[in-house]
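Participant: Whatever this is, show me its structure:
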Amino acid sequence: MGNNSIIRTVIVDDEPLARVGLNHLLKSIPQVEVIAEAANGFEALELVDRFKPGLLLLDIQMPGINGFEVLQQLSHMPIVIFTTAYDQYALRAFDTLAIDYLLKPIRLERLQRAITKLGSLDHMITNLGPILNPVEHRNNHEVSYLRRFVSRSGVKWHLINEDEICLFFSEEGYSYMKTEKGSYIINDTLQTLEGKLDPDKFLRVHRSAIVAVKDIQKIKSLGSGRLELLMRDGSTQDVSRSYSQKVKSICLAQDFH
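Facilitator: Okay, here's the model as predicted:
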């Protein structure tokens with residue numbers, strides 16, 4: 001990001017006065033343009049998806065979903081500066097993600113320094129690795145798998161806990177999560193999503209399916225290296241040959257018959 005580039009920025013904070021204060025401070029930094037503000041994590045997901053900003057000023061402790069969960073749900077990843085009133089969240093963000101944070105109340109000099117020291121977008125995304133793809137960073141003790149999932153239908157947002165999900169699947173170019181109450185569309189591809197899921201709880205069985213291990217009731221061989229899973233809800237799930245060996249070893253370890 002060159003020195004003369006305009007950094008399109010979204011502010012995310014559930015406190016109106018905090019958003020006003022940040023907006024006022026950013027007017028003194030010529031290379032920053034505030035294009036939108038979000039009052040919660042759900043709005044943040046919508047605005048980042050719509051505007052694809054270069055910078056996100058992101059509060060951590062918010063109702064609904066927190067700042068870390070917002071990052072895990074994003075399909076477009078801006079550079080992130082955390083803003084928080086809590087030392088423990090700020091320090092975790094800095095240590096885990098190696099990006100900057102601002103402790104409230106935020107001062108102009110500190111904000112200017114944070115903007116100036118931001119490196120390239122690619123560099124910042126690389127440092128977000130432990131939270132965006134925890135499977136590749138599982139030796140990092142701060143790794144946090146995605147535990148809650150966001151879906152939007154019309155103007156309504158749904159927040160689904162991982163234990164409610166029995167299946168992730170793709171169909172006609174879209175990805176979905178299935179629960180006992182129904183199916184909900186999600187933004188991530190299954191390939192991206194697989195890297196965010198706890199491998200002890202979810203298992204890739206097909207290029208178009210990831211199942212919840214807890215919902216597998218029985219494994220059946222169909223011959224020629226093909227398997228079929230009987231799920232707790234009575235449905236069946238094909239296992240492709242490329243995943244059959246891994247699925248078989250995990251199912252045997254879990255004592256599925």
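
Participant: what's Asn161 in contact with, if anything?
Facilitator: Arg147, Arg148, Phe149 (CB atoms under 8 Å, 6 or more residues apart in numbering). In short, each C-beta sits where N, CA and C put it, glycine included.

Participant: Scan the residues you listed and report the most crowded one.
Facilitator: Most neighbours among the contacts of Asn161, by other CB atoms under 10 Å: Phe149, with 26 neighbours.

Participant: follow-up on the earlier one: for the contacts of Asn161, which one is nearest Leu26?
Facilitator: Arg148 (30.2 Å; CB to CB).

Participant: Low-confidence stretches in the protein?
Facilitator: Scanning the chain for pLDDT under 70 picks out the ranges 1-4, 88-99, 118-143, 256-257.

Participant: where along it do the helices fall?
Facilitator: Along the chain, the stretches classed as helices by DSSP state H are 16-26, 41-51, 67-73, 87-97, 108-117, 121-127, 129-132, 190-194, 241-253.

Participant: Quick check: buried residues in the longest one?
Facilitator: Pointing back at helix 241-253 there. Neighbour-count burial for helix 241-253 flags Tyr243, Ser244, Val247, Lys248, Ile250, Cys251 (criterion: 16 or more other CB atoms under 10 Å).

Participant: same deal with stretch 208-220?
Facilitator: For stretch 208-220, using 16+ other CB under 10 Å, the buried residues are Ala209, Ile210, Val211, Ala212, Asp215, Ile216, Ile219.

Participant: Identify the farthest-apart pair in those residues.
Facilitator: Between any two of these (CB to CB), the greatest distance is 16.1 Å, for Ile210 and Ile219.

Participant: still on that earlier bit, same list (the buried residues of helix 241-253) but as CSV, adding distance to His24.
Facilitator: Listed next are those as CSV, based on distance: CB to CB, whole Å:
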residue, distance to His24
Tyr243, 54
Ser244, 59
Val247, 55
Lys248, 60
Ile250, 54
Cys251, 58
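
Participant: The closest residue to Thr84 other than its chain neighbours - how many residues pack around it?
Facilitator: Closest residue to Thr84 apart from its sequence neighbours, by CB to CB, 6 or more residues apart in numbering: Ile60 at 4.4 Å. A count of nearby residues for Ile60, using other CB under 10 Å, gives 22.
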